[in-house]
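Engineer: pasting a predicted model and its sequence here:
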Number of protein chains: 2
Amino acid sequence: MAGISNNEIKWVKSLWQKKNRDETGLFIAEGEKMLQEARQSGFKVEKVYRREEIGEEAMSRISSQSSPSPVLAVLHQGGIPFPKDGKGLFLALDGVRDPGNLGTILRIADWFGISGVYVSPDTVEVYNPKVVQSTMGSIFRVPVCECDIAKLCAEQRARGRRVYGTLLDGDNIYSQKLETEGLIVMGNESEGLSPAVRSEITDALLIPSFARGAGAESLNVAVATAITVSEFRRRSH
Amino acid sequence: MAGISNNEIKWVKSLWQKKNRDETGLFIAEGEKMLQEARQSGFKVEKVYRREEIGEEAMSRISSQSSPSPVLAVLHQGGIPFPKDGKGLFLALDGVRDPGNLGTILRIADWFGISGVYVSPDTVEVYNPKVVQSTMGSIFRVPVCECDIAKLCAEQRARGRRVYGTLLDGDNIYSQKLETEGLIVMGNESEGLSPAVRSEITDALLIPSFARGAGAESLNVAVATAITVSEFRRRSH
């Protein structure tokens, strides 16, 4: 018979829910490459299911994807220590709600060697299966830490560090002075930065529009993050 | 009775399919703001449905979204003439498959004043409802033209114009010379540029990674487009 019981199927499926992920400290990642990268990064593996062992039907029942991968791994959360010294370039996300956006931002952070990503409690959970899959493995390399972003910004300011945020009345990012270290805060998809966070920004940045006449009102938050982080790295290059 | 017949519901729903959009030359856009922007850009409106007129149930039947907007418009395709003189900075998409990526790229093109976006026949259709919604209105402002991208690149080269493409063995985009006009070609989500297009690139660009140790293998195509276009615009700024 197939190598998975109904109770085990229920257990894996329970990890689609945040409540159960929180309680167990586990999460799901799908795909051979994801599993390899989890192992390389020292994430503890609880259980691995393979299509050739449990069958296609069971696989499609436990998978959170519309096209199930041949491999699904149940992993332990918290495999990456968050850097305590605060040295380097950090990101802070103030209410990013879309799983694809968070996944893409972690992939950007990975590519550009961001030291760590702070997320507000109202940012989509990093272990959400859609976030995990859209990081394309970056979730296993980028340190993430949940905290109160306004408080974090205030602390950073008090320690004399720069707190950068993109605002519509900010200064042109291409000509503004940018330090090699500091905190870059990105806001919610429709609301931008919350008022409490906005008042803690030391350097307001603007990505200028080049539209002739009426143009787009804003950039997607992952796109704005990419352009901002790229510009910081270009300067220190 | 409600202001929409079953046949009309069927007709609107038929426009979820590319085949029917191609045959009729119509497409769907949802949301009051989308409708306003379509009108501002001179798109011909065939029909508008409002929740208060046809009821919530009918609205949810014709909507292609999981959370239907209070307004759905049936519009005529092809509202924006494509610039023929070829002056300016253009994008070409060689097999971008994900609707969200194409929508995000059109939003980037709008923000950065790109003169026009060429799309290959195997790029996701621009009037796909998911593309339309994810452009956030930019579909009504950015000229889009379907063509054979390899042929286009060859023509551009023959006319002495630069053809830029991001390749893993390209030159660092931050230090490479970039002209203010030309064509930037972006490839498929997993395969990158097709071999036929690759051989027509005059300037291969690389967005350098700053990861310490193992990092992300690639950037999302919309993210790479954003960083590339931003760097072109920064130079001409």
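Structural biologist: Thanks, I have the structure now. Owing to the predicted nature of the structure, the values given are computational and were not obtained by experimental measurement. Residues are numbered from 1 along each chain as shown, chains lettered A, B, ... in the order given.

Engineer: pLDDT of the longest helix seen in chain A, averaged?
Structural biologist: Among the elements of chain A assigned as helix by DSSP state H, the one spanning the most residues is helix A:221-236. Mean pLDDT, helix A:221-236: 97.

Engineer: what does stretch A:120-137 give?
Structural biologist: When the per-residue pLDDT values of stretch A:120-137 are averaged, the result is 97.

Engineer: how about residues contacting that stretch?
Structural biologist: Residues lying outside stretch A:120-137 but in contact with it, judged by CB atoms under 8 Å, 6 or more residues apart in numbering or on different chains, are A:16, A:18, A:21, A:27-31, A:33-34, A:37, A:64-65, A:77, A:92-100, A:102-104, A:106-107, A:110, A:119, A:139, A:142, A:144, A:146-149, B:216-218. In this view, the C-beta of every residue, glycine as well, is placed from N, C-alpha and C.

Engineer: repeat that for 7 Å
Structural biologist: The set of residues that contact stretch A:120-137 without belonging to it, under CB atoms under 7 Å, 6 or more residues apart in numbering or on different chains, is A:16, A:18, A:21, A:27-30, A:33-34, A:37, A:64-65, A:77, A:93-100, A:102-104, A:106-107, A:119, A:139, A:144, A:146, A:149, B:216.

Engineer: next, the distance between the ends of it.
Structural biologist: Looking at stretch A:120-137, the gap from its leading to its trailing residue is 22 Å under the measure CA to CA, to the nearest Å.

Engineer: mind giving me the packing neighbours of the longest helix of chain A?
Structural biologist: Helices and strands in packing contact with helix A:221-236 are listed as helix A:99-111, strand A:182-187, helix B:221-236; criterion 3 or more CB pairs under 7 Å, 6 or more residues apart in numbering or on different chains; DSSP states H and E.

Engineer: so what touches the next helix-or-strand element following the shortest one?
Structural biologist: Meaning strand A:182-187. Per DSSP states H and E, the first helix or strand lying C-terminal to strand A:182-187 is helix A:195-198. Here helix A:195-198 makes contact (CB under 7 Å, 6+ apart) with A:94, A:149-150, A:153, A:165, A:185.

Engineer: if you look at the residues you listed, which of them are in strands?
Structural biologist: A:94, A:165, A:185 (DSSP state E).

Engineer: circling back to that earlier point, quick one, which of the helices and strands packed on helix A:221-236 gets closest to A:Phe43.
Structural biologist: Closest of the helices and strands packed on helix A:221-236 to A:Phe43 is helix A:99-111, at 14.5 Å (criterion: CB to CB).

Engineer: next, see if the closest one gets close to chain B.
Structural biologist: Yes - contact between helix A:99-111 and chain B is present through A:100, A:104, A:107-108, A:110-111 (criterion: CB under 7 Å from any CB of the partner chain).

Engineer: residues contacting the closest residue to A:Lys87 other than its chain neighbours?
Structural biologist: Closest residue to A:Lys87 in three dimensions, ignoring its sequence neighbours and counting by CB to CB, 6 or more residues apart in numbering or on different chains: A:Glu181, at 6.3 Å. Shown in contact with A:Glu181 (CB under 7 Å, 6+ apart): A:87-89.

Engineer: quick one: name the residues of chain A near chain B.
Structural biologist: Counting by CB under 7 Å from any CB, the residues of chain A close to chain B are A:40, A:100, A:104, A:107-108, A:110-113, A:136, A:138, A:141, A:174, A:209-212, A:214-216, A:219-220, A:222-223, A:226-227, A:230, A:233-234, A:237.

Engineer: mind listing the strands for chain A?
Structural biologist: Shown for chain A, the strands assigned by DSSP E span residues A:26-30, A:45-50, A:71-76, A:89-94, A:116-119, A:144-146, A:163-172, A:182-187, A:203-206.

Engineer: would you mind giving the domain segments of chain A?
Structural biologist: What automatic domain parsing lists as the domains of chain A is A:6-76, A:89-236.

Engineer: from B:Tyr164, how far off is A:Ile62?
Structural biologist: Here the distance between A:Ile62 and B:Tyr164 works out to 44 Å (CB to CB, to the nearest Å).

Engineer: roughly how far apart are A:Ile54 and chain B?
Structural biologist: Look at A:Ile54 and chain B: by CB to the nearest CB, to the nearest Å, they are 27 Å apart.

Engineer: tell me, how many neighbours does that residue end up with?
Structural biologist: Using other CB atoms under 10 Å in any protein chain shown, A:Ile54 has 18 neighbouring residues.

Engineer: that one touches A:Glu8, doesn't it?
Structural biologist: No - using CB atoms under 7 Å, A:Ile54 makes no contact with A:Glu8, being 8.9 Å away.

Engineer: looking at A:Ile62 and B:Tyr164, which is more packed in?
Structural biologist: The residue with more neighbours, out of A:Ile62 and B:Tyr164, is B:Tyr164; 25 against 22, by other CB under 10 Å.

Engineer: show me the beta-bridge partners of the more buried one.
Structural biologist: Using DSSP bridges, the bridge partners assigned to B:Tyr164 are B:Ile184, B:Asp203.

Engineer: hang on, the earlier thing: nearest to chain B, of the contacts of A:Glu181?
Structural biologist: A:Leu89 (9.0 Å; CB to the nearest CB).

Engineer: what pLDDT is listed against that closest one?
Structural biologist: A:Leu89 is assigned a predicted lDDT (pLDDT) of 97.

Engineer: what residues are up against it?
Structural biologist: Listed by CB under 7 Å, 6+ apart, the contact set of A:Leu89 reads A:114-115, A:180-182, A:232.

Engineer: next one: A:Ser199
Structural biologist: In this structure, A:Ser199 makes contact with no residue, judged by CB under 7 Å, 6+ apart.

Engineer: also A:Leu183?
Structural biologist: A:90, A:92, A:153, A:156, A:161, A:163-164.

Engineer: out of those residues, which are buried?
Structural biologist: Listed as buried from the contacts of A:Leu183 are A:90, A:92, A:153, A:156, A:161, A:163-164; burial here means 16 or more other CB atoms under 10 Å in any protein chain shown.

Engineer: got a markdown table for these, with distance to B:Gly170 too?
Structural biologist: Formatted as a markdown table, the entries for the buried ones among the contacts of A:Leu183 read as follows, by distance: CB to CB, whole Å:
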| residue | distance to B:Gly170 |
| --- | --- |
| A:Phe90 | 29 |
| A:Ala92 | 32 |
| A:Cys153 | 37 |
| A:Gln156 | 36 |
| A:Arg161 | 34 |
| A:Val163 | 34 |
| A:Tyr164 | 29 |
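
Engineer: quick one: low-confidence ranges for chain A?
Structural biologist: Where chain A drops to pLDDT under 70, the residues are A:1-2.

Engineer: just the strands of chain A: most buried one?
Structural biologist: Looking across these with neighbours counted as mean count of other CB atoms under 10 Å in any protein chain shown, the highest average goes to strand A:89-94: a mean of 26.

Engineer: neighbouring strands - and their directions - for it?
Structural biologist: Based on DSSP bridges, the strands next to strand A:89-94 in the sheet, each with its direction, are strand A:116-119 (parallel), strand A:182-187 (parallel).

Engineer: in a markdown table: the ones you listed, plus distance to B:Ala196.
Structural biologist: Output for the strands paired with strand A:89-94, formatted as a markdown table (distance: least, CB to CB, whole Å):
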| stretch | distance to B:Ala196 |
| --- | --- |
| strand A:116-119 | 39 |
| strand A:182-187 | 38 |
